[in-house]
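Visitor: Fold the following for me, if possible:
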Amino acid sequence: AKFTSCFSFPTGSLLLAVHFYSSPRAAPLIPSTALGILLLILSALLAYAGIRRSPRNASLLLSLCLTISAFWCGYGVTFVLAGQGALGDAGDLRDAVVPGLATFTVALLLVAVVGLLCREPILALISGATSLASAHDLATRHSHALGSSAVACNYLIVCLVGGYFALGRILYFLTKGKMALPGTDLAKKKSREQTQAAGGSTNPFAATGLILNMLSAGVFGCRLLGITNKLFVGQVPWLWAAGIYQIGICILSYRAMDVLMATSFGFTSILKFAGGYCLLYPVWQPEEPSFPTLFLVVFSILFAVLALFLSLRSPLDGLYLLVYVASCLALACHPRGFFASGPQGVAVAVFVASALVALSHLYNVKAGAKIPPGKRKGAVKALLTRSSFLKLREGPDLHAPYLGYSKYADAEALAFACSVLASSALTATGDPQAPLATVVIPWVVVAGGILKLLGGSVAFARGKTLESSAFILYAVMWIIWGLARYGGLYGTTRSFHSAVGIAAFMLFNGFIVFCTLFLNITWFFYSLTFMLVTLSFFLDAIHALPTGYDVAATLSFGLVSFYCFLSALSNGIFEGPCLPMGGPIVQLGGVGGRTSKCLHLPARKASSVKRIADILRSGGTCGIPTDTVYVLVAACNRPDAVEKAHRSKRQAQDRPMSLWISSLKQLEPAKHLFTPLLWDFMEAAWPSPISLVVPRGEWVDLLGMKDSAKYVGTPQSVAIRIPDCSVTTHLIDLVGPIVVTSANPTGEADTTHHNQVYAKLGDKVDAVLCDGPSPENIASTVVDCTKIDSGNIGFFRVGLVPKSQV
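Guide: Numbers count the residues shown, from 1 in each chain. Below you'll find the predicted structure:
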């Protein structure tokens, strides 16, 4: 990732320069198909480089990488289509590439302007030269008299500047930061951006998502303005590339803890796939597809609600989403959909609004000042402070899950909204003989399927096992039923096998309905109404569907989903349950009752480690992360805590508890009690995931174990280790040596996530230090060193470290 972006810029630019230099010839040096495939490969590498840089800084390089990656992706597919003869004559090729060239000319110019304003000359030059090359390419497509040499010259400039940037990064890496060419040292930029970002949460991916909105709007806007002659299949690569990339931006926005923008990008990606479907449909049928009016009205309502919530955080972004409300209403009012002039006119407004808001986000990520100026939250805060009912959520733990820390914000709002969209799309009545003529598949498959799978994956990452299972099951059902019923696969005849498959889904959903009794009332009705939807599918499969039942079932599911959508948004924005989800219908005690007093503290905070240390010093037992799996620990100078850990673990006699220290300095007073060979071996082996079983001796008493000693090791030996984990060693520095055992009942699998600690041990653990998934799924290697002086070592357990390394 350090050099991928550096080499991708000059490589891709060199390929395009060679192509445009040789394009006047009858046979270009690089065939169009080969050039397209190479551009697709380089676009994937650039996207990887941009994403890999994102956790470390919010540099303009991120936006540049992702923008050019999307550009080359759409351009590459267009070259492949041209090479395979799918675009026909030169006029078709011009109409295919012009919308993308026009959009990225403007988008890269915005990046270049921000680069100049924020003193990023290298990135500004790369972006500006690529923008100029796209502009010259655009002009060449309209007038062949201009020639393609200017395009090649601009790409050659990008190649040279990119090569300089790559050389500077290589020099910086080889000299370990001691030398760097001017303009290529990202370390100073990183520290400056982190200082600026400390004042507030900024989503570094939002600008790229807005540029992708420009791309889809540009396809339809160019047709209205007469820049292109028609809308056809050659423009689908731009729309679907924008849709695919925007789903990626949606996921990355959840990583940036920006729920509202992530949800908006999920919404707009649906429109991109629908637009591509509409342009692709005339390949099979000469007529244009029709749009379900109810769906678009519902979609506009969802956009309006999201705009309202987003305006509480950023009025500019909230106003921007109102343009999409107008876009959905324009599509609903015109049966021709994207082919009508009304939606195309709104697309021009979307393009202009996206460009302005993208410029704002690009500048806000880089600069200390803000566009628009002033404190955008001030008016909202002043208004809400007068209300005793509504109070905005703030603070670093805004998106913290119930148990501990997650790398993703909550995606339930998007998942519930997709349920609303999919259910409203199913109410559309189409021609059974031409099911593809009504635009339903993008709404059901993309919204109800792909984006709901995304919501289920994020829910699983946040430790919501039941919710994620429901979302994933429902997504699979929407995809299968949407493709079968509205993709022409189902036909007029019904199959026994279809009924059996639907019955299996109903059986699985019945188990989810039962489990939601222990979750909350809203989830119970959500899963129950989906059972009504699947029942309508089943009745349809066996020719027993009552008239109007399917519409009533889908509308009921849609209304419940809409309430869940509002609840997820409001409870994520405001403190307190403004729209409550309700309590469990059947109350559980213990682990599932959510009445535990067990603390779950994020390991990324020093204050959390200090609090865990206080609990251990007070005689508590805690689950903590390590360099392998999660463990249960107690302070060795607190015999009561050690005994509690021993009882709670149901420790088997053949698996005694071990002793951990933070450094060999803690054993320095007893160094004379260890043989020189054993001491040297401990110095060589630690810190690492290697536990050494050493002879028991007087050194145990020097660690202040007192009555705890009887629970540690055996009468002859003790297992001791220094973990290779900064959090764990810092905790031991605060507490002193600790007694350790695995955080699971004896005989069960190792604990690899902080959620599992409490789930397995219950109220017997006082606190959990949360660090998400464990770095490894394998425990430490346990080495028998009791006979090391005779030249022999043994292995009680071969774990993460293999025998050969020991």
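Visitor: so where's the stretch 501-650 of the chain shaky on pLDDT?
Guide: The stretch 501-650 of the chain contains residues with pLDDT under 70 at 576-577, 588-597, 649-650.
Visitor: For it, just list every one of the helices.
Guide: For the stretch 501-650 of the chain, helices defined by DSSP state H, counting those that start in this stretch occupy the ranges 521-541, 549-573, 606-617, 639-649.
Visitor: Please enumerate residues in contact with the third one?
Guide: Looking back up the chat, that one is helix 606-617. For helix 606-617, the surrounding residues in contact (Cβ atoms under 8 Å, 6 or more residues apart in numbering) are 599, 601-603, 622, 624, 633-635, 638, 641, 727, 730-731, 734-735, 738, 766-767, 769. The way it works is simple: take the backbone N, C-alpha and C, and place the C-beta from them, glycine included.
Visitor: circling back: same list, the helices of the stretch 501-650 of the chain, but as JSON lines with distance to residue 356 and mean neighbour count please.
Guide: JSON lines is the format used below for the helices of the stretch 501-650 of the chain (distance: least, Cβ to Cβ, whole Å; neighbours: other Cβ atoms under 10 Å):
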{"stretch": "helix 521-541", "distance to residue 356": "38", "mean neighbour count": "21"}
{"stretch": "helix 549-573", "distance to residue 356": "25", "mean neighbour count": "20"}
{"stretch": "helix 606-617", "distance to residue 356": "41", "mean neighbour count": "18"}
{"stretch": "helix 639-649", "distance to residue 356": "59", "mean neighbour count": "20"}
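Visitor: SS state for the nearest residue to residue 541 once chain neighbours are set aside?
Guide: What sits nearest to residue 541 in space, not counting adjacent residues and going by Cβ to Cβ, 6 or more residues apart in numbering, is residue 499, at 4.1 Å. The assignment at residue 499 comes out as helix when based on DSSP: H, G, I helix; E, B strand; the rest coil.
Visitor: Which residues are in contact with residue 499?
Guide: Here residue 499 is in contact with 538, 541, 542 (criterion: Cβ under 8 Å, 6+ apart).
Visitor: Could you chop this structure up by domain?
Guide: Following the TED database, one finds the domains of the chain at 1-180, 411-574, 613-797.
Visitor: What is the least confident helix or strand in this structure?
Guide: Using mean pLDDT, DSSP states H and E, helix 186-197 stands out as the lowest-scoring helix or strand of the chain, at a mean of 50.
Visitor: could you give me the average pLDDT of the following helix or strand past that helix?
Guide: Using DSSP states H and E, the helix or strand that follows helix 186-197 in sequence is helix 206-224. Mean pLDDT, helix 206-224: 94.
Visitor: centre of the chain versus helix 206-224, how much separation?
Guide: Remark: helix 206-224 is offset 22 Å from the chain centroid, using Cα atoms, centre = their mean, to the nearest Å.
Visitor: Taking helix 206-224 as reference, get the angle to the longest helix along the chain.
Guide: Longest helix in the chain, counting residues (DSSP state H): helix 90-117. For helix 90-117 against helix 206-224, the angle by axes from the mean of the first three to the mean of the last three Cα atoms, to 10 degrees is 140 degrees.
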